[in-house]
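Output the structure for:
(one chain, ligands or ions: 1)
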Amino acid sequence: MSLLSIQGLEGRHGLLRAFQDITLDIAEGEKIALIGANGAGKTTLLRTLAGVHPVSRGTIRLDGDDITTLPGHRRAALGLALVPEGRRLFATMTVAENLRVAESAGRGGYWNLDTVVQALPQLKPKLAAPAGTLSGGQQQAVAIGRALMTNPRLLLLDEVSLGLSPVAVQGVYESLARLFETQTAIVLVEQDLKRATDVADRIVCMLEGRIVASGRAGEMSRDEILGHYFGHREPAHG
Ligand code: ATP
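Residues are numbered from 1 along each chain as shown. Just a heads-up that it's a prediction; the model follows:
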């Protein structure tokens, strides 16, 4: 059975359909890269899966149980965690406080303050610092650590490299590399196609709110993915 099973899902912003007809099964431990241009509906879809945006049609099942209308905090307790675009930390709270806030929301398990700091060692000297004083890359590490504190079975990562310097992006991906080796399933939204295809098992392409292609990472060429990204199957060469 799939870990998460999404059937005919639709999400709206008022009258606008942000995404529609989304049917997708995510296996335990699977790593999916969700690719698509700005406005394709990726962020709204991740927020909907995390329970912070309402479903307007369709169903979401976790381990076969219908969680379509379950609020976000109950989904977190079942193992769904979102690292949101823009990080959304408590800027005046310390790094340790930001991490501990998530602990009670989750399931309990391997991840706690000690194991998160081991996995994200750049946070160790910063634990007592207000999160708002950290660099962008360090703040992103806090946001990832905060999600890990809930011991997720499925981690939803929304553009973790957005707005970061190349060095910071490298640092964030080095931290994520360990995570990609664990049994945590991951959906990664990433604009950098190479990074996405390097770490994912499966690529799912979205265009104008729909899934237009899906395939094993090694079996889809860059041109094919770019074609779906821009909405034409066979991009011009040269
Ligand atoms: P991006 O990479 O820019 O974040 P995305 O693929 O994540 O894009 P969404 O942010 O989910 O796409 O946007 C999907 C559609 O919903 C777009 O047409 C966008 O303009 C619209 N939209 C997103 N957020 C809102 C909002 N808060 N209110 C109204 N419309 C919104």
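
show me the contacts for I32.
Residues near I32 by CB atoms under 8 Å, 6 or more residues apart in numbering: I26, A185, I186, V187, L188, A200, D201, R202, I203, V204. The C-beta positions use only the backbone N, C-alpha and C, and glycine is treated the same way.

and it, which of the three is it?
With DSSP: H, G, I helix; E, B strand; the rest coil as the basis, I32 sits in strand.

got the residues of this protein near the ligand?
H13, L16, A18, G36, N38, G39, A40, G41, K42, T43, T44 (CB under 6 Å from any ligand atom).

List the buried residues for the longest helix seen in the chain?
Secondary structure of the chain per DSSP state H: the longest helix is helix 166-180. Residues of helix 166-180 classed as buried: A168, V169, G171, V172, Y173, S175, L176, L179 (neighbour count, 16 or more other CB atoms under 10 Å).

Adding pLDDT, write these out as JSON lines.
Output for the buried residues of helix 166-180, formatted as JSON lines (pLDDT from 0 to 100):
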{"residue": "A168", "pLDDT": "81"}
{"residue": "V169", "pLDDT": "84"}
{"residue": "G171", "pLDDT": "81"}
{"residue": "V172", "pLDDT": "82"}
{"residue": "Y173", "pLDDT": "86"}
{"residue": "S175", "pLDDT": "80"}
{"residue": "L176", "pLDDT": "84"}
{"residue": "L179", "pLDDT": "83"}
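
Let me know the closest of those to L80.
L179 (15.4 Å; CB to CB).

Helix, strand, or coil at A143?
Applying three-state DSSP: A143 is helix.

For it, grab the count of nearby residues.
25 (other CB atoms under 10 Å).

Now do the contacts for it.
V83, P84, R87, R88, L89, V160.

So for it, what pLDDT did the model give?
The score at A143 is 92. That number is its pLDDT.

Now do stretch 206-221, average pLDDT.
90.

quick one: contacts of that stretch?
Contacts for stretch 206-221 (CB under 8 Å, 6+ apart): 17-24, 33-37, 39-42, 45, 197, 200-205, 224-225, 228-229, 231.

In that stretch, which residues are buried?
Under 16+ other CB under 10 Å, the buried positions of stretch 206-221 are M206, L207, G209, I211, V212, A213, A217, M220.

Tell me, how many residues neighbour the closest residue in space to Y110 that isn't next to it in sequence?
Nearest residue to Y110, sequence neighbours excluded (CB to CB, 6 or more residues apart in numbering): N151, at 6.6 Å. By other CB under 10 Å, 20 other residues sit near N151.

do Q118 as well
Neighbours around Q118, by other CB under 10 Å: 12.

Tell me where this structure is predicted with low confidence.
Applying pLDDT under 70 to the chain flags the ranges 232-238.

Quick one: the helices in this protein, in order.
42-50, 72-78, 95-103, 113-119, 136-148, 166-180, 193-199, 222-230.
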